[in-house]
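Colleague: sharing a sequence plus its predicted fold:
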Number of protein chains: 2
Amino acid sequence: MTGLSGQPGTGLRPPPGPLDGMAGPLSRRLGLHVPLSGDDLAALSQLAVRETVVVAHTDLVRQGEPAENAFLVLEGIAARYVQRASGARQILALLLPGDLCDPDLAHLERWDHGIATLSHCRIARVPRAALEELIATRPAVALGLRRTKLEAEARSRAWLTALGIGLATERLLRVFREVIDRMHAVGLAERNEGPLPLTQVDMAECIGTSTVHVNRVLQDLRRSGMVELKGNRLRLLDRAGLDALSGE
Amino acid sequence: MTGLSGQPGTGLRPPPGPLDGMAGPLSRRLGLHVPLSGDDLAALSQLAVRETVVVAHTDLVRQGEPAENAFLVLEGIAARYVQRASGARQILALLLPGDLCDPDLAHLERWDHGIATLSHCRIARVPRAALEELIATRPAVALGLRRTKLEAEARSRAWLTALGIGLATERLLRVFREVIDRMHAVGLAERNEGPLPLTQVDMAECIGTSTVHVNRVLQDLRRSGMVELKGNRLRLLDRAGLDALSGE
DNA sequence: ATTTCTTTGAAACATATGTTGCTTTGAGCG
DNA sequence: CGCTCAAAGCAACATATGTTTCAAAGAAAT
């Protein structure tokens, strides 16, 4: 069990129909931004198609491929990343359960970045047609998606800022905080404790440093009693100090 | 004359009517992505309102302010930036002539970042209502704006990647290349030479290093004959070497 | 012209981070 | 069980970058 978190079924169980494990995280995330009716929820659950389980560190979309359909992360952590010719990779954003992978991007002819799983994941592929129809017919869903996207863009600005300004320690703490907070928001983590199915290589690619340095920083954080990380389980021990260290 | 580039009047002198110096850079930029009819161009020129000249390093929108209307850069260079409580600033994106400052952002209640001029600028404020009507009635314009935005997002990903992966030299060269290329695309620079009305402090905030280090890197680039920069005028002397150094 | 201020240039030293190479641990697997 | 391999931990050294400080050069103002 690599990165699979607590609750499997989580509430709304649709009778026999299409799996709602799918609608689960997505509707929970949209529900953070806009109230959804029962019809909305039902429509969302209809999106379920081509659900697959994918092992860690697998490409879902490779850089340079033509743009096809969208993805939905159901379980685990995936990431957008850019890979340079040199082999160096930079992670642009984390995709957590309930994250719908930018349909707008499909308007680009080709992906200028890739998407890969970091942990073991459960993924659904969403056909663009179904998604567009949903947006056209369900205003609440459309609004929720728009707001979710704005939130993602804001997060991307914060990510960029951290990369430019902060020291490695701060950047790493921000990643920890982001994962815990966002997982918590959809009920997949406690307030200060949750799954963190990332290798140190993944973390390095998130914060733009070498793996060795990630390890150094991690040891420091452990020694100072700020953080406990063991076997993909993360605990934030000093939330106040952490929030101070990792900037506003 | 701080940052105003070569041409003061730049051709198109508007008779008495609504200034078309405004439609100029905007329609030229949109025209890169989609063909525009005469009617489209006329409609675009109608957007002209509240044009102002702003001195270098002035805030147009401050972080935390409520979201109001959009901006259009007519002349000069402005930037989106984030300012930390520590005082450190990180520039997220450059706004060049013809750049329309993200209308979608207005859906956020408050700006999570600021916008400031870097050089002397000519700026127009665009009322949201007029913009939305234009989008509703002129499909070509709407499409152009969408594509322009996708382009900006792609640029933002590249910016983030450079910040995470490259050395300071590479990052600085990317900024140079971006300014020259984009200015060139709207006819405000030659292929390998153009205005660069940025101080070394601005550059440092772009690439996430100290001012001193920017200076060091600049000297190196000059010594190696890669670049010539004197009084806001930039020349790229070895385009091939530059493209190699600054990564794909 | 003289002053004042911003921008640029430059040196010396402190530190964060990269690199290389090796060891230890732990998970999966025959 | 012991094998194998990826992940984690760790040390020593090299380098990129930060910090502080000061001088020189331009630009704007009087």
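Modeller: Perfect, I can see it now.

Colleague: could you chop chain A up by domain?
Modeller: Under automatic domain parsing, the residue ranges defining each domain of chain A are A:24-161, A:167-245.

Colleague: tell me if the longest one is near DNA strand C.
Modeller: By that I understand domain A:24-161. No: no part of domain A:24-161 sits close enough to DNA strand C to count as contact by CB under 7 Å from any atom of the strand; the gap is at least 8.3 Å. All C-beta atoms are positioned from the backbone trio N, CA, C, and that covers glycine.

Colleague: in terms of secondary structure, what does the helix or strand hosting A:M203 contact?
Modeller: Take DSSP states H and E as the rule and A:M203 turns out to sit in helix A:200-207. The contact analysis (3 or more CB pairs under 8 Å, 6 or more residues apart in numbering or on different chains; DSSP states H and E) places helix A:200-207 against strand A:78-83, strand A:89-95, helix A:168-185, helix A:211-223.

Colleague: tell me the pLDDT of A:R13.
Modeller: Per-residue pLDDT puts A:R13 at 36.

Colleague: related to what we said a few turns ago, which among the helices and strands packed on helix A:200-207 is found nearest to B:G166?
Modeller: strand A:89-95 (9.5 Å; CB to CB).

Colleague: so which elements touch that closest one?
Modeller: For strand A:89-95, the helices and strands in contact under the criterion 3+ CB pairs under 8 Å, 6+ apart are strand A:78-83, helix A:139-165, helix A:168-185, helix A:200-207, helix B:139-165.

Colleague: burial count for A:R110?
Modeller: Other residues near A:R110 come to 9 when the count uses other CB atoms under 10 Å in any protein chain shown.

Colleague: quick check: the gap between it and DNA strand D.
Modeller: With distances defined as CB to the nearest atom of the strand, to the nearest Å, the gap from A:R110 to DNA strand D amounts to 28 Å.

Colleague: swap in A:R80?
Modeller: In this structure, A:R80 and DNA strand D are separated by 19 Å, where distance is defined by CB to the nearest atom of the strand.

Colleague: in contact with the nearest residue to that residue once chain neighbours are set aside, which residues?
Modeller: Take A:R80 and drop its neighbours on the chain: the residue closest to it by CB to CB, 6 or more residues apart in numbering or on different chains is A:L92, 4.4 Å away. With contacts taken as CB atoms under 8 Å, 6 or more residues apart in numbering or on different chains, A:L92 has the following neighbours: A:79-82, A:113, A:156, A:159, B:157, B:160-161.

Colleague: now, of those, which are buried?
Modeller: Of all those considered here, the ones buried according to neighbour count by 16 or more other CB atoms under 10 Å in any protein chain shown are A:79-82, A:113, A:156, A:159, B:157, B:160-161.

Colleague: rewinding a little: and the residue nearest to A:R80, what's its pLDDT?
Modeller: The score at A:L92 is 98. That number is its pLDDT.

Colleague: got it, and A:A79?
Modeller: According to the predicted model, the pLDDT of A:A79 comes to 97.

Colleague: hmm, it is touching A:Q90, no?
Modeller: No: with contacts counted by CB atoms under 8 Å, A:A79 stays clear of A:Q90, the gap being 10.0 Å.

Colleague: can you tell me the average pLDDT over stretch A:120-134?
Modeller: The predicted model assigns stretch A:120-134 a mean pLDDT of 90.

Colleague: so how far is that stretch off the chain centroid?
Modeller: The chain centroid and the centroid of stretch A:120-134 are separated by 15 Å under CA atoms, centre = their mean, to the nearest Å.

Colleague: for stretch A:46-60, same thing?
Modeller: Per CA atoms, centre = their mean, the centroid offset for stretch A:46-60 relative to its chain is 14 Å.

Colleague: now check it, is it near DNA strand D?
Modeller: Yes: Stretch A:46-60 lies in contact with DNA strand D when judged by CB under 7 Å from any atom of the strand; the contacting residues are A:56-57.

Colleague: pLDDT weak spots in chain A?
Modeller: For chain A, residues meeting the criterion pLDDT under 70 lie at A:1-23, A:103, A:105-106, A:248.

Colleague: interface residues of it facing DNA strand D?
Modeller: Applying CB under 7 Å from any atom of the strand, one finds that chain A approaches DNA strand D through A:56-57, A:199-201, A:212, A:215, A:218-219.

Colleague: can I take it that A:H57 is in a strand?
Modeller: No: according to DSSP: H, G, I helix; E, B strand; the rest coil, A:H57 belongs to no strand; its state is coil.

Colleague: need the contact list for it.
Modeller: A:116-118.

Colleague: how about those in TSV, adding neighbour count?
Modeller: Putting these into TSV (neighbours: other CB atoms under 10 Å in any protein chain shown) gives the following:
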residue	neighbour count
A:A116	22
A:T117	24
A:L118	26
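
Colleague: what is the nearest of those residues to B:T137?
Modeller: Using CB to CB, A:A116 is the member of those that lies nearest B:T137, at 42.1 Å.

Colleague: please tell me I have it right and that closest one contacts A:D59.
Modeller: Yes: applying CB under 8 Å as the test, A:A116 and A:D59 come out as touching, 4.9 Å apart.

Colleague: check contacts around A:V175.
Modeller: Each residue near A:V175 by CB under 8 Å, 6+ apart is listed here: A:94, A:203, A:206-207.

Colleague: at 6 Å what do you get?
Modeller: Counting by CB atoms under 6 Å, 6 or more residues apart in numbering or on different chains, A:V175 touches A:C206.

Colleague: just to revisit the earlier point, return the subset of the contacts of A:H57 lying in strands.
Modeller: Secondary structure from DSSP state E places A:116-117 of the contacts of A:H57 in strands.

Colleague: adding distance to chain B, write the contacts of A:H57 out as TSV.
Modeller: Output for these, formatted as TSV (distance: CB to the nearest CB, whole Å):
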residue	distance to chain B
A:A116	15
A:T117	19
A:L118	16
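
Colleague: the contacts of A:H57 into a markdown table, with extra columns for distance to B:G194?
Modeller: Putting the contacts of A:H57 into a markdown table (distance: CB to CB, whole Å) gives the following:
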| residue | distance to B:G194 |
| --- | --- |
| A:A116 | 38 |
| A:T117 | 43 |
| A:L118 | 41 |
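
Colleague: hmm, who's touching the helix holding A:M203?
Modeller: Contact with helix A:200-207 is made by A:89, A:91, A:118, A:171-172, A:175, A:211, A:214-215, as judged by CB under 6 Å, 6+ apart.

Colleague: now do the buried residues in that helix.
Modeller: A:200, A:202-207.

Colleague: any idea how far A:D59 lies from DNA strand D?
Modeller: When distance is defined by CB to the nearest atom of the strand, A:D59 is 15 Å away from DNA strand D.

Colleague: my read: that residue touches A:T117, true?
Modeller: No: applying CB atoms under 6 Å, one finds A:D59 not in contact with A:T117, separated by 8.2 Å.

Colleague: what touches both of these two?
Modeller: In contact with both A:D59 and A:T117: no residue, using CB under 6 Å, 6+ apart.
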